[in-house]
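Colleague: Have a look at this prediction, sequence included:
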Amino acid sequence: MQKWMIFGGGGFLALLLGAIIGGLIGHFGFPVYEYGHLTRDADLGITQRIINEVDGDNIASYLKHLSAVPHVAGTKYDYEQALWVKDQLVSSGIDDVEIIKHKVLLSYPPNDNPNQVQITDPAGLTYNFSAQQPVLFSPEEGHPDINSNFLAYSAQGQVSGDVVYAYHGRPDDFKHLEDNGVNVTGKIVLARYGKIFRGNIVLEAEKRGASGVLLFSDPKDFSPRGRNQVYPNTVDLPEDGVQSGTLLLSDGDPLTPHYPSIDSAYFDDDSKMMRELPRIPAQPIGYKDAEYLLQKLGGKESPQEWKGDLTTDYKLGGTFVEAGTKLTMDIRTTREVKDTYTVIGTIPGSVEKDRYVLLGNHRDSWSLGSIDPSSGTACLLEIARVFGKLAQEGWRPRRTLKFCSWGAEEYGLIGSTEWVEQNRKILEKQAVAYINVDIAVEGNYTLYAKSVPMLYKTVIEATKKIPNPNPNEVTEGRTTIYDTWLKNSPSDGGRPKIYGLGSGSDFKAFIHNIGVPALDLRYTYEENIGSYPLYHTLYETYHLLSYLYDEGMAFMKSITQLWGEAARILADSLIIPFDVREYASYINKTFSEVESSYKNDLQAQDISLDNFRNAVAHFDQQATRFLDIEKSVDLQDPLAIRSLNDKLMLVEKMFIDPLGVSDRADIVNHILFAPSIKDTYASVGFAGLTDLIEAAKESGAAEDWENVKKHLSVIVFMMQEAGNILTSI
């Protein structure tokens, strides 16, 4: 009995002592962590909340404000709208919003004494081309700060002489002129918009010794319903409409290549980019003036395909019909250092705050810019409002969302390029994907998507969830964006056509320079032309978009919903939904195209594609092996998930050559998706290689063929390393 009591008392003391020690450990010791939230997959119910919350009236209100004034980069309106966008993001509940200033080289017309183009006949009578686009409908078209007609970064100067018609100003077009004995040296070149980037047209003319360039939009391409069926009654181009734009062939600030144009930067006025600015004057004109000029040209007949819908024979020129006639260009376009502004809003992620999904649109325009870019800006503000509201209600995506309103895109992707240069080291490690909407609606026929292969699955999955904005399509049983996209833009693979990412918008610095997978979205038109008819003209008004293109903002609303859902998929999925098998298929297809096109040329130079073929096969095999790794990953292990996602994020970056594609480090670094040197808008698979082959074929120089071999070796190395990263430990 006594022994039992002693044991019982000791046990009680032991229990009491254990409880005290346990309490102390619990209070002062290591906390007990719960890991469930780290491995929780996406909340699929958020999709419908995004779709339901997007409001067309809000989008219309944003658009009306943005397109009420001209907002050219570097002007007071650029800064005022940056402040306004910041205020909208703050009021939407975005956690952190900042404005970033960059000091950059921009370009403007001399509005007090506009650029002049005129024809003088033998009697001394002159015909003056229009220097300003006339007011046709909306009051804002008469805003006192609307610019006169110009092309940014044109050289200054007065040139006179004969004129040569060069069709679209492509290398093959100039070759046709040469083959027909038409020399452009010392002549002024007249060329049409619609096939390649305007800067490439001016460069091709300059390389051949032209003294100046005039660019116009032919009604065959931009006014197909006839000259009496134009804006403001239709979306087509009136005869005095003029497309402005930049001539800059590189991207970013020409004074600070490779580095951000912050206050402490070294501004190099003799940089390679500065030396490559146009050295001849260039100016855009309306097709009424182009018609008058073409009627005066002599010379040979142009090919039938070179003829448009103007009342003229479209002679090649080189001489005028009346001897003694001359055309004079007096161009005084300036180049000035100005401040421009980018706005960044951030919603931190709930788990992976250091992983970013970025949504971007530029804010600056050449004039009122209702379509380019304000349709996209209005949608950006609305989807930011939706995500801000969701965050305030308690939901946040797994990864961080960043909403980016870029400055000075129109001049050469300057705001986004400078910001990427400024944050390059962080973005290379932490950016998951970039989704761009430059223009939300430029037509209402079908969706138009440009993407890297790894994001095909994301955009297709998202489009299948978004309601079709076209009631006629819904009546036909096509209830989603995907259904109409598949019908109106099919590909050979039984799915909608997805285009490659060339240059020309703010995704460029992300995909082409630092290897962040990118996607670009818009609604587009049916016509096969280079741009929508009123692109970069005065007539991009609120009336154009809200009445002629998208009354009720149904298509704008759909793009906003799609943008939001694509961002949600990328930001909230447990495993980043990058499709490496899709990438492997694309690489196989692209290699086959290169081999088919150039095998004989390469064999003639004793250049083998065997190593290239083996590297492609290696990536294909590793992509298949990765699928097995992905299927077997422990979804309850946060470190295993993080490791898998890190591999996926590295794949695109493995194709980045720090020295630049074909030594074009100032332009592109991605060996697979580089835009062609002949047209910076276009995306061509392995363009660095194909451009070098074409150059070597043209020159026949041994040195140029050595450059082909060198670049081929780089491709092989990077392809092998990209495959290795997928299965590395």
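Modeller: Received it, and whenever you're ready, just let me know what you need. Residues are numbered from 1 along each chain as shown.

Colleague: give me every residue that touches the spatially most central residue of the chain.
Modeller: Here the mean C-alpha position of the chain is nearest to the C-alpha of residue 505 (Cα atoms, centre = their mean), at a distance of 2.4 Å. The neighbours of residue 505, taking Cβ atoms under 8 Å, 6 or more residues apart in numbering as the test, are 362, 409, 413, 436, 438, 520. All C-beta spots, glycine's among them, are computed from the backbone N, C-alpha and C.

Colleague: okay, those in TSV with pLDDT and neighbour count next?
Modeller: Converted to TSV, those look like this (pLDDT from 0 to 100; neighbours: other Cβ atoms under 10 Å):
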residue	pLDDT	neighbour count
362	98	31
409	98	29
413	97	26
436	98	28
438	98	23
520	98	25
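
Colleague: Just the element for residue 335, please.
Modeller: Residue 335 belongs to strand 334-347 when assigned by DSSP states H and E.

Colleague: name the helices or strands packed onto that strand?
Modeller: Helices and strands touching strand 334-347, by 3 or more Cβ pairs under 8 Å, 6 or more residues apart in numbering; DSSP states H and E, are helix 76-91, strand 96-108, helix 374-392, strand 399-406, helix 414-422.

Colleague: Can you mark which positions in it are buried?
Modeller: Neighbour counts over strand 334-347 (16 or more other Cβ atoms under 10 Å) mark 335, 338-347 as buried.

Colleague: same check, this time on stretch 451-465
Modeller: Across stretch 451-465, burial judged by 16+ other Cβ under 10 Å covers 451-460, 462-463, 465.

Colleague: now, which of the residues you listed sits nearest residue 444?
Modeller: Using Cβ to Cβ, residue 463 comes nearest to residue 444 of these, at 15.6 Å.

Colleague: OK, contacts around the closest one?
Modeller: Taking Cβ under 8 Å, 6+ apart as the test, what residue 463 contacts is 447, 480-482, 485, 496, 562.

Colleague: Leaving out sequence neighbours, find the closest residue to residue 442.
Modeller: Using Cβ to Cβ, 6 or more residues apart in numbering and skipping the chain neighbours, the partner closest in space to residue 442 is residue 532 (4.3 Å).

Colleague: What backbone torsions are found at the one you found?
Modeller: phi -70, psi 150 (degrees, to the nearest 10).

Colleague: go on, residue 369?
Modeller: Torsion angles, degrees, to the nearest 10, at residue 369: phi 60, psi 40.

Colleague: burial measure for it, as a count.
Modeller: 26 (other Cβ atoms under 10 Å).

Colleague: how close does the closest residue to residue 491 other than its chain neighbours sit to residue 395?
Modeller: Once flanking residues are discounted, residue 491 sits nearest to residue 497: 4.2 Å by Cβ to Cβ, 6+ apart. Relative to residue 395, residue 497 is positioned 34 Å away (Cβ to Cβ, to the nearest Å).

Colleague: related to what we said a few turns ago, which ones among the contacts of residue 505 lie within strands?
Modeller: 362, 436, 520 (DSSP state E).

Colleague: related to what we said a few turns ago, okay, the residue nearest to the centre of the chain and residue 362: tell me how far apart.
Modeller: Residue 505 is 8 Å from residue 362, by Cβ to Cβ.

Colleague: shared neighbours, the two?
Modeller: Joint contacts of residue 505 and residue 362 (Cβ under 8 Å, 6+ apart) are 409, 438.

Colleague: Can you point out the buried residues in stretch 722-729?
Modeller: Those would be 722-723, 725-726, for stretch 722-729 by 16+ other Cβ under 10 Å.

Colleague: what sits up against it?
Modeller: With Cβ under 8 Å, 6+ apart, stretch 722-729 has contacts from 580, 615, 618-619, 621-623, 625-626, 629, 647, 650-651, 654-655.

Colleague: quick one: buried residues of the one helix or strand residue 117 maps to?
Modeller: Using DSSP H and E, residue 117 falls within strand 116-120. Applying a neighbour-count criterion of 16+ other Cβ under 10 Å, the buried positions in strand 116-120 are 116-117, 119.
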